[in-house]
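**Q** Structure here, sequence nowhere to be found:
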Ligand code: SF4
């Protein structure tokens, strides 16, 4: 019998703190971590066997609530998206192929501490987290105790790699390159696509580009959460001029190499939702692809729906003036959701971070500041 979802068989997700799960949407804690366990221990575990048994009964495991809720609401789930993307590979999958899709964060090493991020995904957050939140989450190199050869031996039939952050070009780059070289040597690289999520404050050196020549497809996703001073505030302490320089370098590279694609991700939060039209227009002006927008889930007080109703309605009216259809969809999202119970926490933390970082919310987001002042 076909399982409800093949992902627990053919995929693996290793997060920035080393947690091992079937995929990035899976919410239950497996109890397995690459800093303590081997991938084989995870694969042979009661945890994974139970998930598979539930899938074989055509039922949703509790960890798969995100996919089940999305499908109930007619939103395409990861389960459906993966199946559509790799239909032939999924249709013809047999267990002896092992893991064919892997998402591996090689640690949380990062050069930025974006305001909507946390020390879990960024080592740069470490000190501020202790000073402001009293939380200690150390820098971690997740794959430190696993060799590139281990990963390759377990996944010789791989067709896709996701390399999220930290910042992927700073987190164990030598180990990453060793691993890619093994796939080049075996010839499997021509069947592998790789997706990177980068903050675009660094630009990969020549050794990356000569390795990538051998792969089927490289998608480099630039995470950009605003423009000008708003970019620098949210993606602290990034430089907007460095971003502009690197965008141009990435554009040149993608024009010169057939297998390189560029995409843009934009994390929508309380800080930038008002400026969505500005961002979509900027992408168009810069001849960048239409951005993919995700939203902040945590911290709760930075969610885009954190505003009290009066302010939220004004933001909705503003978004509705946009000529971009995507921006209108976000005005509907604001209309249908409410996280205003966290509003006071937003104001408290905004001021604390401003003081700590020597940033200035009112100067950087004057339109939103005016709405807040009009409300008080
Ligand atoms: S149903 Fe969704 S959350 Fe569960 S394993 Fe499949 S893709 Fe992951």
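**A** Good, I have the coordinates. As the structure is a prediction and not an experimental result, all values here were calculated from the model. Residues are numbered from 1 along each chain as shown.
**Q** Contact partners for the residue nearest to residue 232 when sequence neighbours are not counted?
**A** By the measure of C-beta to C-beta, 6 or more residues apart in numbering, the closest residue to residue 232 outside its immediate chain neighbours is residue 240, 5.5 Å from it. In short, each C-beta sits where N, CA and C put it, glycine included. Contact partners of residue 240, counting by C-beta atoms under 8 Å, 6 or more residues apart in numbering, are 227-229, 231-232.
**Q** What is the burial count for the closest residue to the ligand within the stretch 151-300 of the chain?
**A** Across the stretch 151-300 of the chain, no residue is closer to the ligand than residue 162, which sits at 13.0 Å (C-beta to the nearest ligand atom). Burial of residue 162, expressed as a neighbour count using other C-beta atoms under 10 Å, amounts to 22.
**Q** again with residue 332
**A** 12.
**Q** how close does it sit to the ligand?
**A** Remark: distance between residue 332 and the ligand (C-beta to the nearest ligand atom, to the nearest Å) = 24 Å.
**Q** Then residue 320?
**A** In this structure, residue 320 and the ligand are 33 Å apart, going by C-beta to the nearest ligand atom.
**Q** Under the pLDDT cut-off, which ranges of the stretch 1-150 of the chain? List them.
**A** 1, 138-139, 141-142, 144-145 (pLDDT under 70).
**Q** and it, which of its residues are near the ligand?
**A** 5, 7-8, 22-23, 25-26, 64, 66-67, 77-79 (C-beta under 6 Å from any ligand atom).
**Q** how about TSV for those residues, with secondary structure added?
**A** As requested, those are exported to TSV (DSSP: H, G, I helix; E, B strand; the rest coil):
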residue	secondary structure
5	coil
7	helix
8	helix
22	coil
23	coil
25	coil
26	coil
64	helix
66	helix
67	helix
77	coil
78	helix
79	helix
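**Q** between those residues, which is nearest residue 273?
**A** The shortest gap between residue 273 and any of those belongs to residue 66, at 21.6 Å (C-beta to C-beta).
**Q** correct me, but that closest one touches residue 24?
**A** No - Residue 66 lies out of contact with residue 24 (C-beta atoms under 8 Å); the separation is 9.5 Å.
**Q** Now for the residue of the stretch 151-300 of the chain closest to the ligand: which residues touch it?
**A** When contacts are taken as C-beta under 8 Å, 6+ apart, residue 162 is in contact with 24, 101-104, 194-195, 197.
**Q** can you check residue 235 too?
**A** Residues in contact with residue 235, defined by C-beta under 8 Å, 6+ apart, are 112, 114, 199, 201, 223-226.
**Q** Check those residues for burial and list the buried ones.
**A** Buried subset of the contacts of residue 235 (neighbour count, 16 or more other C-beta atoms under 10 Å): 112, 114, 199, 201, 223-226.
**Q** if you look at the residues you listed, which of them are in strands?
**A** Taking DSSP state E as the definition of strands, the buried ones among the contacts of residue 235 contribute residue 223.
**Q** neighbours around residue 65, how many?
**A** 14.
**Q** State the helix or strand in which it lies.
**A** Secondary structure assignment for residue 65, by DSSP states H and E: helix 65-72.
**Q** Give the buried residues for that helix.
**A** Using 16+ other C-beta under 10 Å as the burial criterion, the residues of helix 65-72 that qualify are 66-68, 70.
**Q** Repeat that for stretch 119-132.
**A** Counting neighbours by 16+ other C-beta under 10 Å, one finds that the buried residues in stretch 119-132 are 119-126, 128-129.
**Q** rewinding a little: would you list the contacts of residue 162 in TSV and tack on neighbour count, distance to residue 320 and secondary structure?
**A** TSV is the format used below for these (neighbours: other C-beta atoms under 10 Å; distance: C-beta to C-beta, whole Å; DSSP: H, G, I helix; E, B strand; the rest coil):
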residue	neighbour count	distance to residue 320	secondary structure
24	14	32	coil
101	23	39	strand
102	21	42	strand
103	18	36	strand
104	25	41	strand
194	23	39	strand
195	18	33	strand
197	19	30	strand
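**Q** I figured residue 221 hits residue 200, correct?
**A** No - when contacts are counted by C-beta under 8 Å, residue 221 is not listed as touching residue 200 (9.4 Å).
**Q** Now the phi/psi pair for the residue nearest to residue 232, please.
**A** phi -70, psi -40 (degrees, to the nearest 10).
**Q** tell me how far the helix holding residue 65 is from the chain's mean position?
**A** Using C-alpha atoms, centre = their mean, to the nearest Å, the distance from the centre of helix 65-72 to the centre of the chain it belongs to is 19 Å.
**Q** re earlier: report the two of the buried ones among the contacts of residue 235 separated the most.
**A** Largest separation among the buried ones among the contacts of residue 235 by C-beta to C-beta: 201 and 226, giving 14.3 Å.
**Q** Tell me which stretches of the stretch 101-250 of the chain form strands.
**A** Using DSSP state E, counting those that start in this stretch, the strands of the stretch 101-250 of the chain run over residues 101-104, 160-163, 193-198, 217-223.
**Q** so can I have a markdown table of these showing distance to residue 302?
**A** As requested, the strands of the stretch 101-250 of the chain are arranged in a markdown table below (distance: least, C-beta to C-beta, whole Å):
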| stretch | distance to residue 302 |
| --- | --- |
| strand 101-104 | 24 |
| strand 160-163 | 24 |
| strand 193-198 | 19 |
| strand 217-223 | 15 |
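**Q** So for residue 254, which of these sits nearest?
**A** Using C-beta to C-beta as the criterion, the shortest distance between residue 254 and the strands of the stretch 101-250 of the chain is 7.8 Å, found for strand 217-223.
**Q** Flag every buried residue along the closest one.
**A** By neighbour count, and taking 16+ other C-beta under 10 Å as the criterion, the buried residues in strand 217-223 are 218-223.
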